[in-house]
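> Would you be able to build a 3D model of this:
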Amino acid sequence: MSTLADVARLAGVGTGTASRAISGNGYVDPDTRRKVLDAAAELGYRRNAAARALRERRSRVVGLVLPDLHNEFYTASAAVLQADLHAAGYQLLVLATGNDPSGERAAWETLLDRQVDGVVHVPVDPDGTAPPGLPVVQLNRHTRDTTASAVVSDDVAGVADLTRGVLDAGHTDVVAIVGATQLSTSAERLAGFRRAAEDAGLVEDGTDGPRFRVLVTEFSADGGAAAMRRLGDDLPSAVVALSSRLVMGVLRWAGEGGVRIPEDMSLAGLGDPEWFAIWRPAITTFAPPLADMGRHAARRLIAAMSGEEPETGILRLAGEVRTRGSVSTRRRR
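Next up is the predicted model:
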């Protein structure tokens, strides 16, 4: 392994000059910088990140803790987050918790061992707490810790608007499918659905007249399909599936059972992966502002890691209802 001294010797400069040229910290004239970088390339020199972290007491690494790596819901947020952190000189280390509190605790241990400078965290345990002294910004979900910093979608308002669109299309028998209700996303999406349904005069689990029902399941395609099977033959005129994975499960169930969307049953969703617009009929949905969420999370975290007073509390960003062909208009009786 070549050393910084080897690079300096080949370039004909001092080690301090070589260090400034490679790190970009401090002035080095362009010709000298080019000589140093050429020498480093010729020798295959790589900076010792661990030694630099010890000197600077900073690793220049940020952790991103996700429930899983398969959910396209986080792609847009993560892409913006990575770009903004990279521009600020940080690299991203991604860990998955498997939607399990024990996996979340293991992730914290790994991040502390790696001495990360900060973390963007999608919580699994609503009562969990971050290690003290570590800058953390929660993304998409938030815990019950009122001192935490979080950037989320305004799901209450967004899902209420989505549901009102379904009801305005004439649907008076509607089912909502949602994930575990201890998660902030589930609780807030369900609150938005209930607000719109009750304002329209629908009765929960009613047996006569306009009604709505709520099915709680896993945030997965399997969970969405299993929830629909629980309905048996008592199908609604419309389903509001409150995640893209749940939408996938409803579509799988409909395909297996020969239920046509939207002729036999309308369907609205949450999130907007590319396939929502490609599917026929395209899926009506509430699209959270994922890129903006990633951008604001990065801004909050970079400020906290730079020693500024950390922003606490929940920042809620408005999303957009996108009306497409999966919700039909029904004549009111």
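
> which is the next helix or strand following the helix or strand of the chain with the lowest mean pLDDT?
Ranked by mean pLDDT, DSSP states H and E, the helix or strand of the chain with the weakest confidence is helix 49-56, at a mean of 50. Going down the chain from helix 49-56, the next helix or strand is strand 61-66, by DSSP states H and E.

> what pairs with that following strand, and is each one parallel or antiparallel?
strand 91-96 (parallel), strand 118-121 (parallel) (DSSP bridges).

> Give the residue spans of the chain that score low on pLDDT.
Applying pLDDT under 70 to the chain picks out residues 1, 47-58, 331-333.

> Geometric centre of it: which residue is closest?
residue 74 (3.7 Å; C-alpha atoms, centre = their mean).

> So that residue versus residue 271, what's the distance?
Distance, residue 74 to residue 271, using C-beta to C-beta, to the nearest Å: 10 Å. From N, CA and C alone the C-beta is placed, and that goes for glycine too.

> Could you do residue 158 as well?
Residue 158 sits 11 Å away from residue 271, going by C-beta to C-beta.

> Please identify every residue contacting each of those two.
Counting by C-beta atoms under 8 Å, 6 or more residues apart in numbering, the residues touching both residue 158 and residue 271 are 286, 288.

> gap between residue 126 and residue 297?
Using C-beta to C-beta, residue 126 is found at 19 Å from residue 297.

> Which one of those two is surrounded by more residues?
Ranked by neighbour count (other C-beta atoms under 10 Å), residue 126 and residue 297 place residue 297 first, with 28 against 16.

> Which strand or helix spans that one?
With DSSP H and E as the criterion, residue 297 is inside helix 290-305.

> what's next to that helix, contact-wise?
Contacts of helix 290-305 from elsewhere in the structure, counted by C-beta under 8 Å, 6+ apart, are 62, 73-81, 84-85, 88, 90, 117-120, 135-137, 139-140, 149, 151-153, 310-311, 315, 317.

> Inside strands: which ones of the residues you listed?
Counting by DSSP state E, these place 62, 118-120, 136-137, 139, 149, 151-153, 315, 317 in strands.

> How about residue 21, nearest residue that isn't a chain neighbour?
Leaving aside its sequence neighbours, residue 21 sits nearest to residue 36 (C-beta to C-beta, 6 or more residues apart in numbering; 3.8 Å).

> Give the buried residues for the helix or strand where that neighbour lies.
Assigned by DSSP H and E, residue 36 falls within helix 30-43. Neighbour-count burial for helix 30-43 flags 32-33, 35-37, 39-40, 43 (criterion: 16 or more other C-beta atoms under 10 Å).

> One more: stretch 195-204?
Residues 195-197, 200, 202 are the ones in stretch 195-204 that count as buried (16+ other C-beta under 10 Å).

> Tell me the one of those nearest residue 276?
residue 196 (20.8 Å; C-beta to C-beta).

> what about the closest one, distance to residue 163?
With C-beta to C-beta as the criterion, residue 196 and residue 163 are 4 Å apart.

> just residue 149 next, same as before
30 Å.

> Please identify which of those two sits among more neighbours.
Between residue 149 and residue 163, counted using other C-beta under 10 Å, residue 163 has the larger neighbour count: 30 against 23.

> what residues does the helix or strand encompassing that one touch?
For residue 163, the element it lies in under DSSP H and E is helix 155-168. Contacts with helix 155-168, where a contact means C-beta under 8 Å, 6+ apart, come from 174, 176, 185, 188-193, 195-197, 200, 202, 238, 240, 242, 266, 268, 270, 284-286, 288, 318-321, 323, 327.

> Off-centre distance for it?
Relative to its parent chain, helix 155-168 has a centroid offset of 21 Å by C-alpha atoms, centre = their mean, to the nearest Å.

> Ok, stretch 307-314 next?
Relative to its parent chain, stretch 307-314 has a centroid offset of 20 Å by C-alpha atoms, centre = their mean.

> How about residues contacting it?
Identification of contacts with stretch 307-314 by C-beta under 8 Å, 6+ apart yields 135, 142, 146-152, 300, 303-304.

> that older thread, wait, the residue nearest to residue 21 sits on residue 17?
Yes: with contacts counted by C-beta atoms under 8 Å, residue 36 reaches residue 17, the gap being 7.1 Å.

> Now do the helices in the stretch 201-333 of the chain.
Ranges of helices in the stretch 201-333 of the chain, per DSSP state H, counting those that start in this stretch, are 221-230, 244-257, 274-278, 290-305.

> tell me the angle the second one makes with helix 221-230.
Using axes from the mean of the first three to the mean of the last three C-alpha atoms, to 10 degrees, the inter-axis angle of helix 244-257 relative to helix 221-230 is 50 degrees.

> What residues sit buried inside helix 244-257?
For helix 244-257, using 16+ other C-beta under 10 Å, the buried residues are 244-251, 253-254.
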